[in-house]
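[1] Kindly return the folded structure for what I paste below:
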Amino acid sequence: MYQVGDQVRFLNEEGGGVVTAVNGSLITVETEDGFDYQYQASELVKSGGDYQISQADVDKVINQEKMDKQNARLSQRFNHLDKMSTSDEMEVDLHIESLIDSHRGMPNYKIVEVQMAHFRRSMQKAISRNMKSIIFIHGVGAGVLREEIRTELRNNFPGYEFLDASYQRYGAGATQVLLRG
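    Predicted coordinates for the structure are as follows:
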């Protein structure tokens, strides 16, 4: 779909640039500022010409905005719970957007490292506060973070039971760890 030299605009942010490399759905774009960044093809649109944004692309952007708002609400709820040391349950949003200001250009393995470091700190905090349970909101995605969390729990926190958190509340995107009976 994209070729080196194509002019593109970004779907989810201001600006655009020129395609400098194509590796499957991963597109390298030299921005108007002269920096190279990698984007998924779904995050770009060709500039000029007769290219039309498909309804699927519009729906994807709208759904992403809804998810961003939901994540912001969940993050606020976590911050509120985090301040209440008497609470029996704690929620931790592990979406990278809620943990660091910008992850642009960060390789996926580094993103998972940041998320897992926050997971470990949150587990220790919940244990030290004698919480009843902690819910990690990891999202659905490809399931990499979910599996990393569960492997870490099995290997380094074997005394604690874990399960899928409430489907009605979190969908398939959260794991609950029971810290005490």
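
[2] Could you identify the helix or strand that succeeds the least confident helix or strand in the chain by mean pLDDT?
    Here the helix or strand of the chain ranked lowest by mean pLDDT, DSSP states H and E is helix 55-83, holding a mean of 58. Counting by DSSP states H and E, the next helix or strand C-terminal to helix 55-83 is strand 89-93.

[3] Enumerate every residue touching the residue lying closest to Gly139 once chain neighbours are set aside.
    Distance criterion Cβ to Cβ, 6 or more residues apart in numbering; nearest residue to Gly139, sequence neighbours excluded, is Gly173 at 4.5 Å. Any C-beta I mention is one placed from the backbone N, CA and C, and that applies to glycine too. Counting by Cβ atoms under 8 Å, 6 or more residues apart in numbering, Gly173 touches Ile137, His138, Gly139, Val140.

[4] So Gly173 versus Arg9, what's the distance?
    30 Å (Cβ to Cβ, to the nearest Å).

[5] now do Gln168
    If you go by Cβ to Cβ, the gap between Gln168 and Arg9 works out to 39 Å.

[6] Which one's more surrounded, those two?
    Arg9 (16 against 6; other Cβ atoms under 10 Å).

[7] That one touches Val45, doesn't it?
    Yes. Here Arg9 reaches Val45: they are 5.3 Å apart, a contact under Cβ atoms under 8 Å.

[8] max-length strand in this structure?
    Longest strand in the chain, counting residues (DSSP state E): strand 16-23.

[9] ok, now which ones touch Met131?
    By Cβ under 8 Å, 6+ apart, Met131 lies in contact with Ser87, Asp88, Glu89, Met90, Leu179, Arg180.

[10] wait, which of these is closest to Met1?
    Met90 (43.6 Å; Cβ to Cβ).

[11] what's the closest non-adjacent residue to that closest one?
    Going by Cβ to Cβ, 6+ apart, Met90 has Ile134 as its nearest residue, at 4.7 Å.

[12] Quick one: residues in contact with the strand or helix carrying the one you found.
    Using DSSP H and E, Ile134 maps to strand 133-137. With Cβ under 8 Å, 6+ apart as the test, strand 133-137 has contacts from 74, 88-95, 119, 122-123, 126, 149, 165, 170, 173-179.

[13] Flag every buried residue along the helix or strand following it.
    Later in the chain than strand 133-137, the nearest helix or strand by DSSP H and E is helix 144-156. Neighbour-count burial for helix 144-156, counted by 16 or more other Cβ atoms under 10 Å, picks out Leu145, Arg146, Glu148, Ile149, Arg150, Leu153.
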